[in-house]
Every structure is written in structure tokens, then in C-alpha cells.
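Undergrad: coords below, sequence missing:
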């Protein structure tokens, strides 16, 4: 139960972070009177001088409503966005690019929430065993041979304790704690990643060496040898860093992928880099959400086949529909670009994996 609450807290944090970057344009109704913040006469739902909403509340019920809107609704936009994202992504992309921003959750806000959701769900489904037990704060009790791994774990636990104390002090002083709580949630999830790494590789006994690799001599061989030795001698630490880096640097998939989409339309001047960025962000968000759904389906024997079929068949169909709808191409052109983009997607994912591993071994 405590673990479930921890994962739920990660999802709520993701929603709060996503809502923080989600614009509030178009959310409200007309108001009359003066702004309670700066005293300016109101001309609409928001003050045109300071931006505050014209309608404010002081009830606990309304406060709870704000929380539910942040977590579940994004002020109602989520229910207009998700159906289009899953079934008509091209229309969603095109409409957002051409100015219909207030109706839908922005690509970045939805992406941030989906990243939190993906890692929270997948990490919850990973087994915590092999001599490891986790407390509700993510602390681990596992026998580890590697001093580097133990030191890294100790540093993370110390940081978590420090953040918890800073949050208490900030609350006592009446200061905002959202940024600290976001970092605390991220570090606790990182500690769970460390538990997964420890459980995967056990106590890390039987270190091996590869003398033939040391004899390799070519440009960049020294870095390759160092990476291989790090992975061989300390797989627990490397796996933890890879999981943590994939979580922290998931946003890097966007700039990595945008140039590949640009290559498909570089001679068509009407499409800007912004258009491609919106396309990529919505597409990555869909893939992660589909992955979460299929992971849950595959975890149950009754729906395992359905999850496998969805995960293997629907992504190219979705890619085709998004290309055709967003860029207004013909069926043949969309199909051809879908084939090319499938190859580009694998290339982008490989580049991201290389980035994650490189950061992990340095």
C-alpha cells in the first residue's frame, strides 16, 4: 500500500509540473468589478494588468477542485486532447500548430505528465526481490559488494533527508515548496531505480575482465574500454544510472527526433521547426502512453495477447494517421514517409540510448 501511495504521489507530482507549464488562456468566464490583486477594473475573466483570474475562492472544496483539475482534467482540456491524440493525431497536431491552443493540453505539458506516469507505472511493475527489501521511503537493504554503488546509494539517501528537512523548514517559513517536492519525488524514484538495479544483478559477485578489449587500439578506444570495464565491474551502478538518466533526460528525445522529421519535409517551406517539434512531442507522448497501457495489459494473462498486438501493430498506424493529417499529404506519401520515419525513430531511440549509456559511464 505504501508503495502504491508513493507511485500515486509521483503521478500527482507529474501532473503538477505539467500544469505549471500549461497555459491557462481561454479558461474562464467574463467577470466584472475590480481585480483583488492590483485593483484594476476587470474587462474579462482575467486582469489585463497583472494576469490574475477575476474569480477567486477561499473554500476548501474549491481548493480540492483545483487539485482534481490539475491531476485529472488540466481544466477539461485533457478530455478533448486524449481522444484526438489516440485516434486522430494529425488533426490534433494541425489544429494546435495553427493556433487552437486553449482547447488542448499543450504538447510539453502532456509529455511531462506522461514521463512521470510511465516511469511510475513501469517501476511499480518491476519486481523488488533478490535479497532486497524496500521501505516506504524507497530505502533499500541489500548486500552490495561494490563500494561505488553503496556510496552512490548513501549520497542519494543523504540528499533525500536534506530535501525533506528543507521542505519542513520552507513550510514553517511560509515559503513555496513545489520545486523541492518535485526534486524529492525525483530522487525517491531514483532510489527505487537503484533498488531495481540491485535486485537485477544481485550482490554483484564474480567480476570479470576482458583482456582482449584492452589490446584494442583505435580512436576512442580508451573511452570504450573504460565504459566496458565500468559495466563489467559495476553493473548495478551502471543500470541505476541508465534508469535515472533515461528518466531525467527523456526530454532529449524531442530535439534528437525533430531533425529526422524535418528531413521528410525540408523542401516544403510552409512547415517550420515548431511544427515538427509539436508533431514529435505529441507522437512521443502517445508512444509512452500506449506503452503504459500495453504494459498493464501484458501483466495480466487474460489480456496479454491484446497488449502485445496493440504494441506491435498500432504505432505505425498512428504514425501514418498523424503524418497524413498534420501535413495534409496523400495516402501514398504518408505511407512512404511512415516507413522512413519508422527507421528514423529507431535511429533516434538508438542515439538516445547511447546518450544515456555515455552519461552513465562517465
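TA: Noted; the coordinates are in hand. All values reported here derive from a predicted model rather than from experimental measurement.

Undergrad: spell out which helix or strand contains residue 38, please.
TA: Using DSSP states H and E, residue 38 maps to neither a helix nor a strand.

Undergrad: surely it touches residue 46?
TA: No - applying Cβ atoms under 8 Å as the test, residue 38 and residue 46 come out as separate, 11.7 Å apart. Just so you know, the C-beta spots here come from the backbone N, C-alpha and C atoms, and that holds for glycine as well.

Undergrad: comparing these two, which residue is more hemmed in?
TA: residue 46 (19 against 11; other Cβ atoms under 10 Å).

Undergrad: intersection of neighbour lists for residue 38 and residue 46?
TA: Common neighbours of residue 38 and residue 46, using Cβ atoms under 8 Å, 6 or more residues apart in numbering, are residue 52.

Undergrad: for the protein, give me the ranges with low pLDDT.
TA: 1-32, 51, 54-76, 123, 125-149, 152, 182, 185-187, 189-242, 360-362 (pLDDT under 70).

Undergrad: now do the strands in it.
TA: Ranges of strands in the chain, per DSSP state E: none exist.

Undergrad: so what does the top helix by length along it touch, helix or strand wise?
TA: For the chain, the longest helix by residue count, based on DSSP state H, is helix 331-361. With contacts defined as 3 or more Cβ pairs under 8 Å, 6 or more residues apart in numbering; DSSP states H and E, helix 331-361 has these neighbours: helix 221-233, helix 235-248, helix 253-265, helix 304-327.

Undergrad: any buried residues in that helix, and which?
TA: 334, 337-338, 341, 344-345, 348, 352, 355-357, 360-361 (16 or more other Cβ atoms under 10 Å).

Undergrad: distance to residue 82 for the residues you listed - can I get that in TSV?
TA: Shown next, in TSV, are the buried residues of helix 331-361 (distance: Cβ to Cβ, whole Å):
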residue	distance to residue 82
334	23
337	25
338	22
341	22
344	25
345	22
348	24
352	25
355	29
356	28
357	33
360	33
361	38
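
Undergrad: and the end-to-end length of stretch 298-305?
TA: 7 Å (Cα to Cα, to the nearest Å).

Undergrad: okay, buried residues for it please.
TA: For stretch 298-305, burial by neighbour count (16+ other Cβ under 10 Å) applies to residue 298.

Undergrad: wait, what's in contact with the closest residue in space to residue 84 that isn't next to it in sequence?
TA: Spatial nearest neighbour of residue 84, chain neighbours left out: residue 92 (3.8 Å); criterion: Cβ to Cβ, 6 or more residues apart in numbering. Residues in contact with residue 92, defined by Cβ under 8 Å, 6+ apart, are 81, 84-85, 104, 282.

Undergrad: nearest to residue 300 among those residues?
TA: For the contacts of residue 92, the residue nearest residue 300 by Cβ to Cβ is residue 85; the value is 24.3 Å.
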